[in-house]
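1. Provided below for reference: sequence and predicted model.
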Amino acid sequence: MPRTLAPRPLAVALRLIALGLPLAGFATSIAAQESVDAALELPAQQVTASPAERADGPVDGYVATRSVTGTKTDTPLLEVPQSISVITADRMQDQGVQTVQDALRYVAGVRGEAFGLDTRGDWAKVRGSSPELFLDGLQQTFGFYNNIRTDPYTLERIEVLKGPSSMLYGQSPVGGLVNLVSKRPQAERKTELQAQYGNYDHKQIALDSTGPLNEDGTLLYRVVAIARDSQSQVDYVESDRLVLMPSITWRPNDDIEWTLLANVQRDDGGSTSQFLPHEGTVFGAPYGRYDTDLFVSEPGFDEYDAEQTALTSQFSWRLNETWTLRQNLRYQESEVSYQQIYGWPPVLNTDKRTLDRIYYVSKPEVDVWVSDHNAQALFDTGPIQHTLLIGADYQHAVTNERSAGGAATPLDLYDPVYGTFDPSVISLVDSPEQTVAQQGIYIQDQLKYQRWLLTLGLRKDWADNRTDGGTRQKDDAVTGRVGLTYLFDNGVAPYISYSESFQPIIGLNKANNEPFTPLEGEQWEVGVKYQPLGSRSLYTAAVFDLRELNRQMPDPANPNNTLQAGETRTRGLELEALVSVTPNWDLIATYTHLDTEVIEGAPGEVGKRLASIPENMASLWSQHQFALFGVPGFRAGAGVRYVGASWDGADDVKTPSTTLFDAMLGYRYQNWDFAVNATNLEDETYYTSCLARGDCFTGSRRTVVGTVSYSF
């Protein structure tokens with residue numbers, strides 16, 4: 001399809017954006033896809049991406065070739081001058097993941113289980129920093145302990161964009177972001193019924209049904225539903241869930257697509273994080289180590305119950321061969337009841353058995369509006385091809401919270417006796433309402449000249465963080481990104497990039513009741529991506545140097561508070577290979593090396609390594625499909641994960657390294673699929689990290705889950 005040499009005036013697109021017409025979403029522009037093929041100038045038999053694949057859609061197997069997260073346009077992964085790892089739905093199913101942080105275990109540069117088994121959230125680390133969670137390109141989480149956890153069964157893919165990304169997203173932290181991509185209606189009719197049972201009395205049923213609603217296929221639907229009743233490895237802590245996610249897509253022609261997606265979820269449970277002392281975990285204790293099922297709180301009091309309702313609108317309209325307009329909107333409201341009793345300070349008393357405890361109660365409510373409008377133009381200026389993106393986004397989050405905290409009764413960790421704490425002493429206090437508003441405008445151009453790809457982007461943000469009856473903090477920042485890529489004929493794509501981050505922080509420093517200062521960061525990255533011609537394999541390697549200002553760190557005096565340091569540095573190497581060895585054999589291999597340091601801050605912190613960040617990590621996953629005694633349909637997988645030692649933030653306490661083994665066995669017969677997944681096969685007791693304030697976090701013990709699915 002030919003390109004126009006002169007795009008329609010920019011004012012037309014900006015006027016449509018200002019009118020609030022439905023413009024955004026992640027729909028693929030047909031003209032954009034054909035322009036990518038034209039730019040590569042490769043023979044037809046050498047194109048590895050399936051024509052049916054779109055950047056936000058399903059992927060057959062483990063290897064996605066396109067992504068929308070890295071540029072907000074449908075772009076081949078080879079052309080994005082930044083590291084991106086995509087975890088597909090097939091991969092999540094084969095590895096039997098139960099949480100988002102489970103899905104991140106085999107990703108280079110990512111620590112998927114930074115703070116152990118935790119039912120309150122998905123606490124990963126990306127390049128040594130806590131990433132922001134996005135859902136369908138819009139920020140999902142605001143603050144801590146006030147959101148639900150997205151269930152992997154509702155997702156089509158998970159994309160990890162590594163390094164600063166504020167040029168596109170504004171509120172992205174320096175380490176990167178995790179973009180969760182929801183399942184959406186599909187044109188092919190299909191329904192799956194699923195049942196699971198596993199240890200800790202895990203019981204779950206799920207439904208995923210999609211297809212056309214009318215004869216001409218202009219209306220499509222999808223319904224995803226989950227019901228779970230489960231215990232956990234910690235006594236008295238449940239992990240129950242109800243999810244209903246209906247969606248509908250209107251596609252009257254090839255140029256317009258509008259999807260409405262609702263999500264209603266309720267999680268009922270408690271907290272599996274017990275904040276156990278160093279003594280009795282990584283250090284010896286007179287009475288031995290604690291049982292991993294030890295419950296430090298009180299039965300009947302401990303809870304982490306969360307409810308969330310969200311409605312998302314995604315609209316895309318291709319006006320002509322040049323312009324495509326998109327709009328992405330979401331409203332969500334969350335309500336959480338969090339109650340826990342834990343040891344503080346996390347140090348055994350002189351009898352070396354009992355631990356003093358405190359209680360903490362938090363009842364937050366969060367209302368959020370987020371939106372992203374953009375216009376994309378495809379045009380040429382002489383021999384240079386342009387994919388121009390101009391956009392504006394906005395977010396508005398209001399948090400109200402009632403909370404309380406105080407001294408509770410001690411507990412014998414070796415022979416716990418519950419019922420000594422009287423919850424009637426608790427009196428909730430209203431915290432000041434906090435509002436975080438941010439608006440940004442951005443422009444990006446992906447320029448192609450022969451095999452050279454230059455990505456340029458610039459953004460301006462305005463952030464307003466105010467506390468009712470208190471302080472008001474306004475910040476603004478300009479962030480940018482520049483990247484250069486070269487596409488060789490053989491599928492090799494080296495690149496170099498520079499990017500920046502700016503992140504306003506929702507929440508207060510509880511020590512002085514003041515808003516946090518925004519985080520700022522920058523990164524240089526040099527890497528290479530390789531996709532052998534005619535294959536479904538993808539190899540990536542990257543080295544990087546990133547800096548962060550105003551980094552948040554645990555408050556040694558309060559486990560529910562964080563402090564801000566000066567400047568930190570992380571240098572690293574990431575290697576990742578997704579290999580389709582044969583049509584029946586998939587392989588994932590990763591290696592990560594991270595060198596972290598506080599280079600400016602309090603005297604006791606300068607020169608120290610960042611807490612909970614291993615210097616080395618590696619993983620390997622292999623899965624085969626095979627016939628057994630002439631009967632086809634079998635598959636088997638095995639994985640090994642190595643997580644190196646990490647430190648507490650003061651370089652005093654070392655959390656030992658650990659090596660864990662996973663496995664799966666499956667069989668598919670006609671419409672039936674049977675699978676058994678096991679993680680931590682050796683049932684090793686390990687700790688994911690220990691902090692300078694005195695507590696350690698227990699890793700996940702062996703889990704075994706059987707799954708039966710029927711599709712029709």
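-> Sure, I can see it. Numbers count the residues shown, from 1 in each chain.
2. Surely residue 563 is in contact with residue 552?
-> Yes: here residue 563 reaches residue 552: they are 7.1 Å apart, a contact under CB atoms under 8 Å. For the C-beta atoms, the positions are set from N, CA and C on the backbone; glycine is no exception.
3. which intervals of this protein have sub-threshold pLDDT?
-> For the chain, the stretches with pLDDT under 70 are 1-52, 506-515, 553-561, 565.
4. any idea how far the residue nearest the centre of it is from residue 571?
-> The centroid of the chain falls nearest to residue 178 when counting by CA atoms, centre = their mean (3.1 Å). Separation of residue 178 from residue 571 (CB to CB, to the nearest Å): 22 Å.
5. One more: residue 233?
-> Here the criterion is CB to CB. By it, residue 233 lies 36 Å from residue 571.
6. Quick check: what element follows the one helix or strand residue 373 maps to along the chain?
-> Using DSSP states H and E, residue 373 maps to strand 357-381. Remark: after strand 357-381, the chain's next helix or strand is strand 384-407, criterion DSSP H and E.
7. That following strand to strand 357-381, inter-axis angle?
-> With axes from the mean of the first three to the mean of the last three CA atoms, to 10 degrees defining the directions, strand 384-407 sits at 170 degrees from strand 357-381.
8. ok, strand 384-407: who's next to it in the sheet?
-> When pairing is defined by DSSP bridges, strand 384-407 lines up against strand 357-381 (antiparallel), strand 429-430 (antiparallel), strand 434-449 (antiparallel).
9. Now the longest one: buried residues?
-> Right, strand 357-381. Using 16 or more other CB atoms under 10 Å as the test for burial, strand 357-381 gives 357-368, 370-380.
10. Am I right that residue 102 sits in a strand?
-> No: Residue 102 is assigned helix when assessed by DSSP: H, G, I helix; E, B strand; the rest coil, not a strand.
11. Confirm that residue 652 sits in a helix.
-> No: applying three-state DSSP, one finds residue 652 to be coil, outside a helix.
12. So it is in contact with residue 690, correct?
-> No: the pair residue 652 / residue 690 is not scored as a contact, 9.6 Å apart, by CB under 8 Å.
13. Which one's more surrounded, those two?
-> A direct count of neighbours by other CB atoms under 10 Å for residue 652 and residue 690 places residue 690 higher, at 28 against 11.
14. any idea how far the more buried one is from residue 279?
-> In this structure, residue 690 and residue 279 are 11 Å apart, going by CB to CB.
15. again with residue 120
-> 25 Å.
16. higher neighbour count, those two?
-> The neighbour count for residue 120 versus residue 279, taken as other CB under 10 Å, is higher for residue 120 (21 against 18).
17. tell me which element the residue nearest to residue 606 when sequence neighbours are not counted is part of?
-> In this structure, residue 606 finds its nearest non-sequential neighbour in residue 598, 5.6 Å apart by CB to CB, 6 or more residues apart in numbering. Element membership for residue 598 (DSSP H and E) is strand 585-600.
18. Does anything pack onto whichever helix or strand comes after that strand? Which helices or strands?
-> Remark: after strand 585-600, the chain's next helix or strand is strand 616-628, criterion DSSP H and E. When contacts are defined as 3 or more CB pairs under 8 Å, 6 or more residues apart in numbering; DSSP states H and E, strand 616-628 sits against strand 585-600, strand 631-643.
19. Show me what the nearest residue to residue 387 once chain neighbours are set aside is bridged to.
-> Nearest non-adjacent residue to residue 387, counting by CB to CB, 6+ apart: residue 446, 4.1 Å away. Judged by DSSP bridges, the bridge partners of residue 446 are residue 387, residue 455.
20. surely residue 446 meets residue 74?
-> No: between residue 446 and residue 74 there is no contact under CB under 8 Å: 11.2 Å.
21. so how far is residue 478 from residue 289?
-> For residue 289 relative to residue 478 (CB to CB), the value is 52 Å.
22. for residue 136, that is, sorry about that
-> Relative to residue 478, residue 136 is positioned 27 Å away (CB to CB).
23. Show me which of those two is the more surrounded one.
-> Per other CB under 10 Å, whichever of residue 136 and residue 478 has more neighbours is residue 136, with 23 against 12.
24. residue contacts, the closest residue in space to the more buried one that isn't next to it in sequence?
-> Leaving aside its sequence neighbours, residue 136 sits nearest to residue 182 (CB to CB, 6+ apart; 5.5 Å). Taking CB atoms under 8 Å, 6 or more residues apart in numbering as the criterion, residue 182 is in contact with 135-136, 154-156, 245, 247, 261, 263, 312.
25. and residue 182, what are its bridge partners?
-> In this entry, residue 182 is beta-bridged to residue 155, by DSSP bridges.
26. so who does the closest residue to residue 610 other than its chain neighbours touch?
-> For residue 610, ignoring the flanking residues on the chain, the nearest one in space by CB to CB, 6+ apart is residue 596 at 4.0 Å. Residue 596 makes contact with 128, 568-571, 609-610, 613, according to CB under 8 Å, 6+ apart.
27. Now list the buried members of those.
-> Buried members of the contacts of residue 596, scored by 16+ other CB under 10 Å, are 128, 568-571, 609-610, 613.
28. Output these as CSV; include the columns distance to residue 108.
-> Shown next, in CSV, are the buried ones among the contacts of residue 596 (distance: CB to CB, whole Å):
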residue, distance to residue 108
128, 13
568, 21
569, 20
570, 14
571, 15
609, 20
610, 18
613, 14
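29. now, which of those sits nearest residue 147?
-> residue 128 (22.9 Å; CB to CB).
30. Could you pull up phi and psi at the closest one?
-> In this entry, residue 128 is assigned phi and psi values of phi 80, psi 0 (degrees, to the nearest 10).
31. quick one, what contacts it?
-> Residue 128 makes contact with 175, 568, 570, 572, 594, 596, 610, 613, according to CB under 8 Å, 6+ apart.
32. so how far is residue 253 from the second one?
-> Distance, residue 568 to residue 253, using CB to CB: 51 Å.
33. Format the helices and strands packed on strand 616-628 as CSV; extra columns: distance to residue 110.
-> Formatted as CSV, the helices and strands packed on strand 616-628 follow (distance: least, CB to CB, whole Å):
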stretch, distance to residue 110
strand 585-600, 8
strand 631-643, 11
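34. Highest mean neighbour count out of those?
-> Ranked by mean neighbour count, the helices and strands packed on strand 616-628 are led by strand 585-600 with a mean of 19 (mean count of other CB atoms under 10 Å).
35. distance between that strand and the chain's centre?
-> Remark: strand 585-600 is offset 17 Å from the chain centroid, using CA atoms, centre = their mean, to the nearest Å.
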